[in-house]
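Enquirer: A structural model of the following input is requested.
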Amino acid sequence: MMSSWLAFLLIILAGIMQGSYFLGLKYMGSWKWENIWALYASWALIIMPILLALGTVPHPGEVFSLAPRSAISRLLLYGVAWGVGSVLSGLGVDRMGLAMGVSVLIGVQAVIGSFVPLVANTPELVLQRKGLMVIASVLTLLIGLALVAFAGRERERSQPRAGNHARENAFATGLAICVFSGIFSAMLNLGFAFSAPVVKAAVAVGAKESGALNAVWAIALFGGFIPNAAYTGYLLTRNKTWANYTLPRTSLCWLVGLMMALLWYAGIILYGRGAAGMGQIGAVIGWPLFMALIILTSSIWGFVTGEWKTASVRAKHLMKSGLGVLVVASVLLGIANWS
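Expert: Reported below is the predicted structural model:
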């Protein structure tokens, strides 16, 4: 059985990885958004999950015959819903900026992805100390999110006036996109939280418990690939950007897409291992911790890459306060894990 400390650290590392993969959107070179996103999605949602499942689950085809068909279908549908959120996340972050966009969509994910498993899987814990600590932690996370959101809004207002109306429209549109992205994106954790029948089927065919999760991710992420492939394929055709893949001197773009996929997929694997190591409450405690670390990491990257260079002093103070509150939320989740 994995120790609570190791499980906690795995989720922290997972959050750092996933909070960093959006950086690739800043280094697309001559490619457009659909070029880099299609490459990332192909590797992270199809190639890597299938290869890992084949390497860790003996006779993976038998999993489909042993697991209830309804469980497979639900997991696939959770993946499709998450895929819709994944597409929206790229569009929302592109409009709102790394720090602000990721903070909004991750905050919504944290609430839905944590509270639904808490009520559905462990309702007896809701009014106990552990459950109350989780609720307090998520509410603290939301306070941090609100501060980050105000900071992002203040940053927009402190920009030069030229083109301000266009930025206002981009902000409002990006905010709506990120909220809906967060709702749909939380479905991935729900798929994980309710994946016990598929895990049992994978163990029955000879997989270790840690390897059995790879079968879960392979199914869910295959579902997630469907909307990603449909939308990026549409954009590549409409914008006639298929040809960008054959442009000279784009080797860095290919590498960036691969690194985005590697960071994202490694993060989801580590999250699964860490949350599983926490036991039945793992999807409840691990998910908001995972989200908090993603927000912290992406926000720090926002500062490093110059998103806040021209922001007002007030905006920077609000952002730093928000990050501090997110640290407190992470500590509270740690206390909940060990209580």
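
Enquirer: Within the helices and strands, which one has residue 254?
Expert: Following DSSP states H and E, the helix or strand that holds residue 254 is helix 251-277.

Enquirer: list the helices and strands the following helix or strand past that helix packs on?
Expert: The helix or strand immediately downstream of helix 251-277 is helix 282-304, counting by DSSP H and E. Helix 282-304 sits against helix 4-20, helix 98-121, helix 129-157, helix 187-193, helix 251-277, helix 313-338, with contacts defined as 3 or more CB pairs under 8 Å, 6 or more residues apart in numbering; DSSP states H and E. Heads up, the C-betas are built off the backbone N, CA and C, glycines and all.

Enquirer: what angle do helix 282-304 and helix 98-121 make?
Expert: If you take axes from the mean of the first three to the mean of the last three CA atoms, to 10 degrees, helix 282-304 sits at 180 degrees to helix 98-121.

Enquirer: Give me the buried positions along helix 282-304.
Expert: 282-303 (16 or more other CB atoms under 10 Å).

Enquirer: what distance separates it from the centre of its chain?
Expert: 9 Å (CA atoms, centre = their mean, to the nearest Å).

Enquirer: Could you give the average pLDDT over that helix?
Expert: The pLDDT scores in helix 282-304 average 86.

Enquirer: Please save the CA atoms from it in PDB.
Expert: What follows is helix 282-304, C-alpha atoms only, in PDB (Å, rounded to 0.1, in the frame of the first residue of the first chain):
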ATOM      1  CA  GLY A 282      -8.500   9.800  -3.200                       C
ATOM      2  CA  ALA A 283     -10.700  11.200  -6.000                       C
ATOM      3  CA  VAL A 284     -12.200  13.700  -3.500                       C
ATOM      4  CA  ILE A 285      -9.000  15.000  -1.800                       C
ATOM      5  CA  GLY A 286      -6.600  14.400  -4.700                       C
ATOM      6  CA  TRP A 287      -8.600  16.200  -7.400                       C
ATOM      7  CA  PRO A 288      -8.800  19.700  -5.700                       C
ATOM      8  CA  LEU A 289      -5.100  19.300  -4.700                       C
ATOM      9  CA  PHE A 290      -4.200  18.500  -8.300                       C
ATOM     10  CA  MET A 291      -6.200  21.500  -9.500                       C
ATOM     11  CA  ALA A 292      -4.600  23.900  -6.900                       C
ATOM     12  CA  LEU A 293      -1.100  22.800  -8.000                       C
ATOM     13  CA  ILE A 294      -2.100  23.400 -11.700                       C
ATOM     14  CA  ILE A 295      -3.300  26.900 -10.900                       C
ATOM     15  CA  LEU A 296      -0.200  27.700  -8.800                       C
ATOM     16  CA  THR A 297       2.200  26.400 -11.500                       C
ATOM     17  CA  SER A 298       0.400  28.000 -14.500                       C
ATOM     18  CA  SER A 299       0.200  31.300 -12.600                       C
ATOM     19  CA  ILE A 300       3.900  31.300 -11.800                       C
ATOM     20  CA  TRP A 301       4.600  30.600 -15.500                       C
ATOM     21  CA  GLY A 302       2.400  33.500 -16.300                       C
ATOM     22  CA  PHE A 303       4.700  35.800 -14.300                       C
ATOM     23  CA  VAL A 304       7.800  34.200 -15.800                       C
END
